[in-house]
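J.: Pasting the sequence and the predicted model now:
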Amino acid sequence: MITNLTDKQKINWVRIIALIPVLILMIYAPKLWISTKGFPVIPLFDWWPILKYPFDYILGSFFFLIQIVYIFQNKKWQGWTIILLYLFLALVDQNRLQPYFYQSFLTIFAIEIFRKNANPKKILYAIILIFFATYFWSGIQKVNEAFYIQWLSALNKHFSFLPQWFLVAFTYAVPWLEALMGVLLLFNKTRKFGVLFILLMHGTITFLLFYLGYGYNVVPWNIQNMLSVVILFWTLKTANAFEFFLKFFNKQKMAILVFTICLPLANNLTGFYDSLLSFHFFTADLNYYNVFLNEELEDNLPDHIQRFYRFQNGKPYINMNEWAQFDNKVLFYPEDRIIKYMDAYLHSFANNPNEKGLTELVVYNHKNE
């Protein structure tokens with residue numbers, strides 16, 4: 001019974017639940033984890049080694065299999081192998097830094113960073129900080145005009161039968177409601193309300209994804225979070241809300257606080273550190289691009305890229321998300337350095353890659369602002 005789980009059992013179940021969606025999504029998007037494909041890999045560093053066929057297939061397969069072994073054996077070396085492999089593979093191709101993969105491997109990191117014989121409560125609190133950050137920061141990051149515009153537009157499209165004042169009020173309340181979910185998890189008296197709100201949110205999202213017929217790749221992540229918050233929080237009792245942040249304070253706890261508090265705060269205030277790695281989930285304000293091409297580059301690009309040409313007023317362009325999703329089954333990683341890398345990659349097919357005006361980068365998802 002879920003109400004009778006010990007802290008050690010909770011950690012073990014959350015560990016397993018973090019791995020299963022990753023395995024499902026690796027089956028769903030196998031090309032994301034190899035280098036030999038039509039969409040180029042985008043390393044963080046130009047000098048970072050990129051394995052080619054068949055070695056990328058071998059490494060990707062090993063990454064998949066070691067996670068299965070880790071589910072059943074739960075050896076520390078297996079956990080660290082998975083963490084280091086994910087780090088290596090993410091540095092090879094930054095498009096692998098999707099929210100669901102990042103949260104799962106941050107969870108595994110929070111478990112393995114402690115010694116095997118560590119107090120289970122220490123590890124449990126470290127994991128809890130990740131789930132607090134997921135809801136709190138995801139809510140805070142939604143406080144932006146782009147989110148309000150896109151959310152209200154979607155509500156008007158699908159729920160136009162409801163009063164307009166209600167749709168507007170709900171739109172502006174959504175970020176604070178989600179942030180509140182994270183806060184509710186901190187207190188004994190409100191914790192179960194927080195769990196119920198989270199279950200309602202993820203359940204609604206999952207239903208709408210099936211109803212609308214797209215976004216199936218985030219369904220396992222929603223189910224993962226629903227199960228995890230029940231296991232972690234439903235029977236949890238604490239002396240006060242600050243226990244999660246201050247109790248058992250050591251270098252391991254500090255490392256988790258850096259990822260869950262310091263870096264998201266730095267992103268929110270200054271833009272330092274990647275947005276998606278700061279729990280910047282589905283906030284609508286991240287930039288997605290169309291790349292318009294001049295005539296020379298239009299003719300020079302290889303056939304496997306030309307198949308993604310779309311036209312606006314007779315001018316060809318490539319929707320980066322469409323191209324990325326064809327091979328990777330995930331959205332294009334929304335950082336400016338990534339689109340600049342892809343822009344340079346497209347330029348490399350020109351007779352003179354340094355020629356000006358070969359491409360024009362246009363953000364398309366904020367056109368209604």
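T.: All right, it came through fine. Residues are numbered from 1 along each chain as shown.

J.: buried sites along stretch 280-295?
T.: Going by neighbour count (16 or more other C-beta atoms under 10 Å), the buried part of stretch 280-295 is 280-294. To be clear about C-beta, it is placed using only N, CA and C from the backbone, and glycine gets the same treatment.

J.: any idea how far the residue nearest the centre of the chain is from residue 137?
T.: With distances taken as C-alpha atoms, centre = their mean, the chain has residue 99 as the residue nearest its mean C-alpha position (0.8 Å). Using C-beta to C-beta, to the nearest Å, residue 99 is found at 11 Å from residue 137.

J.: okay, and the common contacts of these two?
T.: Both residue 99 and residue 137 are in contact with residue 279, where contact means C-beta atoms under 8 Å, 6 or more residues apart in numbering.

J.: quick one on the thing from earlier: now, which of the buried residues of stretch 280-295 lie within strands?
T.: Counted as lying in strands by DSSP state E, out of those, are 289-293.

J.: Now stretch 281-298: average pLDDT?
T.: Summarised as a single mean, pLDDT over stretch 281-298 is 93.

J.: out of the ones in strands among the buried residues of stretch 280-295, what pair is the most spread apart?
T.: Comparing all pairs in these by C-beta to C-beta, the longest separation belongs to 289 and 293, at 12.7 Å.

J.: Next up, phi/psi of the residue nearest to residue 119 when sequence neighbours are not counted, please.
T.: Leaving aside its chain neighbours, residue 119 sits nearest to residue 248 (7.0 Å; criterion: C-beta to C-beta, 6 or more residues apart in numbering). Backbone geometry at residue 248, expressed as degrees, to the nearest 10, gives phi 60, psi 40.

J.: Just to check, residue 248 is in contact with residue 124?
T.: No - the pair residue 248 / residue 124 is not scored as a contact, 9.8 Å apart, by C-beta atoms under 8 Å.

J.: So which of those two has more stuff around it?
T.: Remark: of residue 248 and residue 124, residue 124 carries more neighbours, 21 against 17, as counted by other C-beta atoms under 10 Å.

J.: which residue packs closest to the more buried one, ignoring adjacent ones?
T.: Closest residue to residue 124 in three dimensions, ignoring its sequence neighbours and counting by C-beta to C-beta, 6+ apart: residue 7, at 5.0 Å.
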